[in-house]
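**Q** structure for this input, please:
(one chain, ligands or ions: 1)
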Amino acid sequence: MPDFAELHFNGEVYKLPVVEGTENEKALDISKLRGQSGLITIDPGFKNTGSTTSSITFLDGEKGILRYRGYPIEQLAEESSFMEVAYLIIYGELPNSEQLNKWKVDITYHTLIHEDFKVLLEGFPSNAHPMGVLSSLVTSLTAFYPESLDPVRSADEVYMNIIRLVAKLPTIAAWAYKNEIGQPLMYPKNDLDYCGNFLKMMFGTPAEEFQPDPVVIKALNKLLILHADHEQNCSTSTVRVVGSSHASLYASVSAGINALWGPLHGGANQAVIEMLEAIKADGGDADKYLAKAKDKDDPFRLMGFGHRVYKNFDPRARIIKKAADDVLNKLGVNDPVLEIAKKLEEAALSDPYFVERKLYPNVDFYSGIIYRALGIPTNMFTVMFAMGRLPGWIAQWKEMRENGEPIGRPRQVYTGENERDYVAIEKR
Ligand code: ACO
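**A** Sure thing, here's the model as predicted:
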């Protein structure tokens with residue numbers, strides 16, 4: 001295979017080096033092209049642009065493959081725990097028992113958040129969306145840990161920033177919810193594991209002892225693992241770009257939370273349930289909504305369908321669909337929207353519009369149904385996604401900084417007015 005491609009333009013030939021990944025993915029390196037030819041490349045939405053090389057997650061959208069650090073998502077979801085996967089993603093290798101124990105103990109030790117967070121929370125109206133609260137409070141960590149702002153940090157300092165963020169995010173998330181529903185804030189309980197502790201802070205009250213159900217803990221672990229990283233998606237790219245200006249880990253992750261919030265990205269899990277509820281309220285006619293999704297004059301899209309990179313199936317959606325059945329059965333929950341979702345999926349998968357465009361259910365299509373069965377309120381679904389994605393954001397931020405990547409700053413092709421003279425308002 002040649003190690004460069006030739007670009008012929010305006011009588012000149014430019015050689016573009018080929019970059020090859022460990023799974024034989026090939027890319028053309030255009031970083032010197034402008035200097036040589038004056039040309040830039042344009043690719044709105046970065047649909048065919050690699051922004052970096054990365055050794056964290058491998059994804060083959062055509063074959064439906066997803067691996068964290070080489071380990072297939074199916075194995076990790078079945079056999080591992082979220083804490084172990086978080087360590088794997090951030091540090092590159094599975095931990096031994098000593099490393100895992102230290103990781104868990106360190107995280108458990110830092111689950112408390114400063115009491116002044118209560119004052120910040122009180123400032124939010126009770127109907128504030130918890131994603132907005134989450135991103136604000138994650139940014140606020142910079143105020144409580146100002147040393148995190150220093151771009152030149154030792155490995156130990158970076159470790160502490162990571163530990164604090166992983167430890168405190170569930171506390172912040174649960175407090176955002178408690179504040180919304182007007183219940184007393186629950187403190188972390190350090191004899192519980194990561195997921196059990198979160199559930200206790202969400203659903204426990206001072207009036208009633210709450211014991212998280214092991215079925216719920218297991219399901220939550222699986223969901224968080226499935227969301228833990230997804231290479232250069234919208235929120236992760238945001239984290240890397242923000243971090244590339246040497247903004248702190250907390251500020252960068254807060255930006256990622258905001259990017260995740262949108263309904264075309266992580267916000268789709270909330271949008272899916274709202275869509276399924278609307279279809280149910282409208283008589284459950286899946287075909288009517290498929291027709292709306294296909295109508296280019298109708299802004300309606302089938303939420304939870306389609307993906308930028310999966311053009312065959314989303315391996316996470318397969319696992320989640322099966323898990324939804326299992327969890328609902330085990331918990332004895334009968335959710336009528338699950339049937340609507342299955343009908344909609346079946347109809348879409350045999351419809352030429354969806355088949356031709358390779359539109360399949362994505363991770364968000366069934367995850368909301370599980371979250372609902374676990375008792376998580378709809379507006380907290382994307383918060384759950386953020387908790388799951390946190391290790392990925394951290395690992396990508398860390399990799400970008402350790403590789404000394406340059407500041408993220410794309411170019412553009414300007415299409416506005418040419419130079420013109422200013423005319424004072426009274427003369428216009
Ligand atoms: N319903 C109906 N039509 C769709 C859908 C959908 N959900 N998704 C894509 N299409 C159509 C588009 O209209 C377009 O049709 P055209 O070729 O006739 O113009 C074609 O399929 C390609 O779609 P694009 O929007 O160009 O694909 P893109 O890669 O830019 O977008 C995205 C991917 C944003 C996920 C899109 O499929 C979508 O909006 N899906 C619904 C929202 C969703 O579920 N988001 C979660 C994604 S997973 C995640 O981020 C965690």
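**Q** how about Leu390, secondary structure?
**A** helix (DSSP: H, G, I helix; E, B strand; the rest coil).
**Q** not counting sequence-adjacent ones, nearest residue to it?
**A** Leu169 (5.7 Å; C-beta to C-beta, 6 or more residues apart in numbering). Where C-beta positions appear, they are placed from N, C-alpha and C, glycine not excepted.
**Q** residues contacting that neighbour?
**A** When contacts are counted by C-beta atoms under 8 Å, 6 or more residues apart in numbering, Leu169 touches 134, 138, 386-387, 390.
**Q** nearest to Ala247, of those residues?
**A** Relative to Ala247, the closest of the contacts of Leu169 is Val138; by C-beta to C-beta it sits at 12.3 Å.
**Q** quick one: contacts for Asp364?
**A** 266, 268-269, 271-272, 303-304, 385.
**Q** just the buried residues of those.
**A** Burial by neighbour count, 16 or more other C-beta atoms under 10 Å: within those this picks out 266, 268-269, 271-272, 303-304, 385.
**Q** what are the boundaries of the helices in the stretch 51-200 of the chain?
**A** 73-79, 82-91, 97-109, 117-122, 130-144, 155-181, 194-203 (DSSP state H, counting those that start in this stretch).
**Q** what does the stretch 251-400 of the chain give?
**A** Using DSSP H, counting those that start in this stretch, helices in the stretch 251-400 of the chain cover 268-281, 286-294, 315-331, 336-349, 352-356, 363-373, 381-402.
**Q** which residue sits closest to the residue of the stretch 151-300 of the chain found nearest the ligand, ignoring its sequence neighbours?
**A** Closest to the ligand within the stretch 151-300 of the chain is Ala268: 3.6 Å, counting by C-beta to the nearest ligand atom. Spatial nearest neighbour of Ala268, excluding adjacent residues (C-beta to C-beta, 6+ apart): Asp364 at 4.0 Å.
**Q** mind putting the contacts of Leu169 into a markdown table with distance to the ligand and pLDDT?
**A** Shown next, in a markdown table, are these (distance: C-beta to the nearest ligand atom, whole Å; pLDDT from 0 to 100):
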| residue | distance to the ligand | pLDDT |
| --- | --- | --- |
| Leu134 | 17 | 98 |
| Val138 | 19 | 98 |
| Ala386 | 11 | 98 |
| Met387 | 14 | 98 |
| Leu390 | 14 | 98 |
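**Q** possible to save those as CSV with neighbour count?
**A** Below are these laid out as CSV (neighbours: other C-beta atoms under 10 Å):
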residue, neighbour count
Leu134, 26
Val138, 26
Ala386, 27
Met387, 24
Leu390, 27
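**Q** for the stretch 251-400 of the chain, which residues are neighbours of the ligand?
**A** With C-beta under 6 Å from any ligand atom as the criterion, the stretch 251-400 of the chain meets the ligand at residues 264-266, 268, 293, 301-308, 357, 359, 362-364.
**Q** may I see the PyMOL selection of the buried members of those?
**A** The buried residues among those can be selected in PyMOL (16+ other C-beta under 10 Å) with this line:
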select buried, resi 265+266+268+293+301+302+303+304+305+306+307+359+362+363+364
